[in-house]
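Trainee: From the sequence below, what's the structure:
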Amino acid sequence: MRFDCAKFSGKVDNISFARPMRGGYRLTLKIDGEVIPNLVVPSKFYEELEVGQQVTLFGMFRNSKKKEKNEGVLYGMKAEGGRAKFATDMRFGVPAMLTFYACLAFCLMFVVGWAASLALVVGFSSEYNPGAMMHTTTVFALVEASLAGLFFLWRAWVIFSKTSNPDTWETITPAVLSSRFSKFHKS
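Mentor: Coordinates of the predicted model:
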């Protein structure tokens, strides 16, 4: 789940292949002659994007070695002469969702980890002491479940902290951003 936060500027040449999805659109954006495919744009930004408009866009982009898997999410937009607008519902909604997933991961991993840890404790135990075995198994399961939950909480914190100050994001050119995507999606 590696992503980069970047801002890029240019003149919107074309908006095509807009497919509605929950909360917005997945589209292909042509800016300064460069094609940015697989861009998820919230509805409020889609309605404000105009062809010929000079804009600065803020986005979170997946940066996978397999270019066909890369995609981006538009987090903010600043029209020329206007003020920047951001999708603050993403800033709080995504970490909240990841926190919920952390709770689910903890619960699921505790149950699965307890069974797996019991098998390991029984297999490596030299004496039969049910009380000590249950205690050790429960401790192992708690550690495993905590690690699973902490992974999701860590990712939630990363997203929350990165979206706190988008003006400090790395500025890249549309050409550099476009080079991250597969030619398959640009046609």
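Trainee: Next secondary structure element downstream of whichever strand in the chain runs longest?
Mentor: For the chain, the strand reaching the highest residue count under DSSP state E is reported as strand 3-21. From strand 3-21 onward toward the C-terminus, using DSSP states H and E, the following helix or strand is strand 24-31.
Trainee: Tell me the helices and strands packed up against that following strand.
Mentor: Judged by 3 or more Cβ pairs under 8 Å, 6 or more residues apart in numbering; DSSP states H and E, strand 24-31 is in contact with strand 3-21, strand 34-42, helix 43-48. C-beta here means a position set from N, CA and C on the backbone, and glycine is covered the same way.
Trainee: Which one of these lies nearest to Thr138?
Mentor: Distance to Thr138, taken as Cβ to Cβ, is lowest for strand 3-21 among these, at 36.2 Å.
Trainee: ok and the closest one relative to strand 34-42, angle-wise?
Mentor: Angle, strand 3-21 to strand 34-42, by axes from the mean of the first three to the mean of the last three Cα atoms, to 10 degrees: 70 degrees.
Trainee: gap between strand 3-21 and the chain center?
Mentor: 16 Å (Cα atoms, centre = their mean, to the nearest Å).
Trainee: Show me the contact partners of that strand.
Mentor: 25-34, 37, 40, 46, 49-63, 75-76, 162-163, 166, 169-174, 177 (Cβ atoms under 8 Å, 6 or more residues apart in numbering).
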